[in-house]
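**Q** quick one: sequence plus predicted model below, questions after.
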Amino acid sequence: MLTVTTHVALLAWSATRHSPVVDEVGHLPAGWSHWQLKRFDLYNVNPPLVRCVGTLPVYLSGQQIDLRGYPDGSGRRAEFDIGRRWIREYPDRFQRSFTLARWACIPFSLLGAWVCYRWAKDLYGATAGCTALLLWCFSPTVLGHAS
């Protein structure tokens, strides 16, 4: 339990401290547009589940994102332009929105931890399950990407 609690604390802290990476700048306005417009045109090169889960608290918080430049069917990747413009227009609010979206996605990492634990435990016993859980929860790759 301490391992998982520490993992969640590290992810929550990381979500508040780090600036958005290049993909997040497109994912957040795309997810917001999924809720607002009930369409999946933005960032349609990846499935929308994580975007929808992540952006639900941002959408419910009342944050507005100007969707000028929304795709006109030309195949243009407008999500990055929309995201960069949104960050420029709301320099005081964008980090909070990214933090909310990141916190909403922490359960995906918890699911990964649970799967690793159960799979290793079922195959090789409780010690292997705990070892797999430790490896997942403190993996630099998981900690870097899960938040």
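**A** Cool, got the structure. Numbering: from 1, shown residues only.

**Q** give the contact list for the closest residue to A132 other than its chain neighbours.
**A** Using C-beta to C-beta, 6 or more residues apart in numbering and skipping the chain neighbours, the partner closest in space to A132 is A120 (3.6 Å). Just so you know, the C-beta spots here come from the backbone N, C-alpha and C atoms, and that holds for glycine as well. Neighbour list for A120: A128, G129, T131, A132, L133 [criterion: C-beta atoms under 8 Å, 6 or more residues apart in numbering].

**Q** could you do T99 as well?
**A** Contact partners of T99, counting by C-beta under 8 Å, 6+ apart, are A15, T16.

**Q** give me the buried subset of the contacts of A120.
**A** G129, T131, A132, L133 (16 or more other C-beta atoms under 10 Å).

**Q** spit out the contact partners of the first one.
**A** Right, G129. Contacts for G129 (C-beta under 8 Å, 6+ apart) come out as Y117, R118, A120, K121, D122.

**Q** now the second one
**A** Under the criterion of C-beta under 8 Å, 6+ apart, the contact partners of T131 comprise A120.

**Q** please, which helix or strand holds it?
**A** According to DSSP states H and E, T131 maps onto helix 126-137.

**Q** using PDB, write down the CA coordinates of stretch 129-142.
**A** Taking C-alpha atoms only, stretch 129-142 is exported to PDB below (Å, rounded to 0.1, in the frame of the first residue of the first chain):
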ATOM      1  CA  GLY A 129       3.900  -9.700  -7.600                       C
ATOM      2  CA  CYS A 130       5.400  -7.300  -5.100                       C
ATOM      3  CA  THR A 131       8.600  -7.000  -7.200                       C
ATOM      4  CA  ALA A 132       6.600  -6.300 -10.300                       C
ATOM      5  CA  LEU A 133       4.600  -3.700  -8.400                       C
ATOM      6  CA  LEU A 134       7.800  -2.000  -7.200                       C
ATOM      7  CA  LEU A 135       9.300  -2.000 -10.700                       C
ATOM      8  CA  TRP A 136       6.200  -0.400 -12.100                       C
ATOM      9  CA  CYS A 137       5.700   2.200  -9.400                       C
ATOM     10  CA  PHE A 138       9.300   3.400  -9.400                       C
ATOM     11  CA  SER A 139      10.200   3.000 -13.100                       C
ATOM     12  CA  PRO A 140      11.500   6.400 -14.400                       C
ATOM     13  CA  THR A 141       9.600   5.700 -17.700                       C
ATOM     14  CA  VAL A 142       6.300   5.200 -15.900                       C
END
